[in-house]
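1. Predicted model follows, preceded by the sequence.
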Amino acid sequence: MAAITIAEVSKIYTGNVEAVKSVSIDIEDGEFIVLVGPSGCGKSTLLRMVAGLESISKGTVKIGPRVINEVDPAERDIAMVFQNYALYPHMTVYQNLAYGLKNRKTPKAEIDARVAEAARMLEIEPYLHRKPRALSGGQRQRVAMGRAIVRKPAAFLFDEPLSNLDAKLRVSMRGEIKRLQKRLGTTSLYVTHDQLEAMTLADRLVVLNGGRIEQIGRPLDVYHRPASTFVASFIGSPAMNLIKGRIEGSRLHVGTYRIELGERAPVEGPVTVGLRAEDLRLAGVGEDAMLFQVDYVEELGAQRLVHGTIEDQALTVALSPEIPLSGDLAVTIATDRLHFFSTENGKRLERGASFTNTAESARPLSLEPAL
Amino acid sequence: MYRTKFFDHVILLIGVFIMVAPVVVAFMTSTHEAADIHRNGLSLTWGGHFVETYETVLTRKGGFTGKITGLNMMMNSMILGLGFALGKIILSMLAAYAIVYFRFRLATFFFWIIFTTLLLPLEVRILPSYEVMNTLKLTNTYTGLIVPLLASATGTFYFRQFFKSVPDELLEAARIDGAGPFKFFIDVLVPLSRTMMAAIFIIMFVYGWNQYLWPTLMTTDEGFFTLVRGIKQILLVWVGSNIPDYNEAFALAILAMLPPVLIVVIFQRGFIKGLTESDK
């Protein structure tokens, strides 16, 4: 068990391709950190640098007090779970679990005890003498986790471990990984491209884009206060609606609509406005509202995603399935729930100190139809 | 489901006949007496002298110096075949391991150099090879018989393709599990290559067993004669006014066939698996 300090780490491949650009993350002892981002964002490269499978071009990685840049992977006191499990096909489950311990000259009795403990924890005891070939995907995944657990390492590294499983199994394994990690209290670094997996597993999320960190934060903080349009569109499903707007004084102009923001206008001039699909709601009678033209509807059962436009700007609204739909809807949103981003660099624009309290009671939108 | 029809059987039977008939003729002829064969030619019937002929062939000391028996020759062939096959497997596996898993300069270049040796089989370089062995005083030794034949582009190529198909994650998992290059090779690659090794073993054993030109050149001492050479010897020695011992030549040919057939039968499953599927 140890903290991991990643300090200004870069990965530069031959031909001067920078896959990871000066990334710094401080991971506390026992913390579950999820690296999330689209493919090619450098998340796996970063993980593999911590594991020692890729060399570190610049910067330092510390596990505990020890700089491990030049340390052999086996000496780093880490264990890794791979996407395709990477079980040794010719060894039984028991031998797979024991192999790493055997190489470390652990006494036989101790190996037996640790394997038995891990097998019990993961409920793979009946399969200990089978070969991986004779196991299902979920069971293989458990064995791969078991191989990490028996080592009792300072840190677990997960490289998209659930990607090869079907949707249902993925959900249950997700819960299990979380439960196990909490129980063992081992520092974990987990790579995924699935934002849902990231949200549900992480103590803190690290959103990566193009080799850079876009945002580090607790899942709900990232969700409620995305640091950039990239994070806003990546975290949350459906993705946050981003539309063009313009702030003049204390008023936000969206198309021909004008929205009174009160005292908390962040800037003057053009902005990108972010609206969560689930923050938009149908306007009540007499309430100010925007006209929403429905294109098509996705039924999710508990929820219904309505895709459409407000004056030619595409938008998705999440509505309860009880609400009857017609061709056009009048929708509204609490002004507190609006997010603003710079049109130049996509960075979040804060609306002053009072906005940070997201639990503040939602004030209805104040709209003045443009005449 | 496809049902095998009469015509399919006819085709298969023709195939079996073409393959097996010469062997049956050789075996049947070998049970006749030499004079009988000389008079009547090849024979398809049982001659009744099976035990005597085969006993003579296996135990009588023959050759000019009269110190080599059929059994000795069989032993020599076995040493050549096994040494050849095992040596080739070990050498080509190690070569392929180096080429696939170690980054060193010009690795691809070296691979292609190895590969182009396919264009230079032993027959082409036989005189220089002999010269080298002669200078090293390795004529009339098993080392001289086996070592010059060991370098194998085919084996290296097969193992290289196989190693390339082993997922990288296995190597990475092994590295994290604390296995160094040697341990990874012994604990992971060798067990995974088992079927591949069986396939190459069959091919190489038969190839080594059937060597004729190189042993002829390398060994003048009759104590090192192989079975394949022995067949020739029988026909040579009694040429003259005597009738050659046709029956013994045929018997020796049949005996020379047995070990390769046995090897193929034993390793057949691995052979087919090794060449068609990968056990990963």
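-> That came through fine.

2. May I have the predicted confidence score for the residue lying closest to A:A144 once chain neighbours are set aside?
-> Closest residue in space to A:A144, ignoring its immediate chain neighbours: A:Y85 at 4.3 Å, by CB to CB, 6 or more residues apart in numbering or on different chains. The C-beta positions use only the backbone N, C-alpha and C, and glycine is treated the same way. pLDDT for A:Y85: 88.

3. same deal with A:L46?
-> 93.

4. which residues touch it?
-> A:6, A:9, A:11, A:20, A:23, A:35, A:191, A:208 (CB atoms under 8 Å, 6 or more residues apart in numbering or on different chains).

5. hmm, back to that, the residue nearest to A:A144 contacts A:V143, correct?
-> Yes - taking contacts as CB atoms under 8 Å, A:Y85 lies within contact range of A:V143: 7.2 Å.

6. pLDDT-wise, which helix or strand of the chain ranks last?
-> Just so you know, I chose chain A. When each helix and strand of chain A is scored by mean pLDDT, DSSP states H and E, strand A:367-369 comes last, with a mean of 52.

7. wrong chain, I was asking about chain B
-> Scanning chain B with mean pLDDT, DSSP H and E, the lowest is helix B:227-237, at a mean of 73.

8. now A:D112: how far from chain B?
-> 17 Å (CB to the nearest CB, to the nearest Å).

9. For the residue nearest to A:E54 when sequence neighbours are not counted, what is the enclosing helix or strand?
-> The shortest distance from A:E54 to any non-neighbouring residue, by CB to CB, 6+ apart, is to A:R48 (4.3 Å). Assessed by DSSP states H and E, A:R48 sits inside helix A:43-51.

10. A:E298 now?
-> strand A:290-299.

11. any idea how far chain A is from the residue sitting nearest the centre point of chain B?
-> The residue lying closest to the centre of chain B (CA atoms, centre = their mean) is B:V206, at 2.1 Å. From B:V206 across to chain A, the span is 27 Å (CB to the nearest CB).

12. related to what we said a few turns ago, tell me the mean pLDDT for the strand holding A:E298?
-> Here the average pLDDT along strand A:290-299 is 90.

13. strand partners of whichever helix or strand comes after that strand, parallel vs antiparallel please.
-> Sequence-wise, the next helix or strand downstream of strand A:290-299 (DSSP H and E) is strand A:304-310. Partners of strand A:304-310 in the sheet, by DSSP bridges, are strand A:290-299 (antiparallel), strand A:313-319 (antiparallel).

14. and stretch A:30-50, how far from the chain's centre?
-> 10 Å (CA atoms, centre = their mean, to the nearest Å).

15. Repeat that for stretch A:18-27.
-> With CA atoms, centre = their mean, you get 16 Å for stretch A:18-27.

16. can you check stretch A:166-178 too?
-> 15 Å.

17. How about residues contacting that stretch?
-> So stretch A:166-178 is contacted by A:32, A:137-138, A:141, A:145, A:158, A:161-162, A:165, A:190, A:197, A:200-201 (CB under 8 Å, 6+ apart).

18. again, only this time at 7 Å
-> A:137-138, A:141, A:162, A:165, A:197, A:200-201 (CB atoms under 7 Å, 6 or more residues apart in numbering or on different chains).

19. could I get it in PDB with only the CA atoms?
-> Output in PDB follows, covering the C-alpha atoms of stretch A:166-178 (Å, rounded to 0.1, in the frame of the first residue of the first chain):
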ATOM      1  CA  ASP A 166     -20.800  -8.500 -22.100                       C
ATOM      2  CA  ALA A 167     -22.900  -5.600 -20.800                       C
ATOM      3  CA  LYS A 168     -24.500  -7.500 -17.900                       C
ATOM      4  CA  LEU A 169     -21.400  -9.100 -16.600                       C
ATOM      5  CA  ARG A 170     -19.600  -5.800 -16.900                       C
ATOM      6  CA  VAL A 171     -22.000  -4.200 -14.500                       C
ATOM      7  CA  SER A 172     -21.700  -6.900 -11.900                       C
ATOM      8  CA  MET A 173     -17.800  -7.100 -12.200                       C
ATOM      9  CA  ARG A 174     -17.700  -3.400 -11.900                       C
ATOM     10  CA  GLY A 175     -19.400  -3.600  -8.500                       C
ATOM     11  CA  GLU A 176     -17.100  -6.400  -7.500                       C
ATOM     12  CA  ILE A 177     -14.000  -4.500  -8.400                       C
ATOM     13  CA  LYS A 178     -15.200  -1.600  -6.400                       C
END
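
20. What residues sit buried inside that stretch?
-> The neighbour-count check on stretch A:166-178 (16 or more other CB atoms under 10 Å in any protein chain shown) flags A:170, A:173-174, A:176-178 as buried.

21. If you count contacts, what does the very next helix or strand once past the helix holding A:R48 end up packed against?
-> Toward the C-terminal end, the helix or strand that comes next after helix A:43-51 (DSSP H and E) is strand A:58-63. If you count contacts as 3 or more CB pairs under 7 Å, 6 or more residues apart in numbering or on different chains; DSSP states H and E, strand A:58-63 packs onto strand A:4-13.

22. redo that, cut-off 8 Å
-> Packing contacts for strand A:58-63, counted by 3 or more CB pairs under 8 Å, 6 or more residues apart in numbering or on different chains; DSSP states H and E, involve strand A:4-13, strand A:17-27, helix A:43-51.

23. The strands paired with strand A:304-310 into CSV, with extra columns for mean neighbour count?
-> As requested, these are exported to CSV (neighbours: other CB atoms under 10 Å in any protein chain shown):
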stretch, mean neighbour count
strand A:290-299, 14
strand A:313-319, 19
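
24. Save the ones you listed as CSV, and put in distance to B:I146 too.
-> Listed next are these as CSV, based on distance: least, CB to CB, whole Å:
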stretch, distance to B:I146
strand A:290-299, 72
strand A:313-319, 74
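
25. how about these, which one is nearest B:V124?
-> Nearest to B:V124, of all the strands paired with strand A:304-310, is strand A:290-299, at 71.2 Å by CB to CB.
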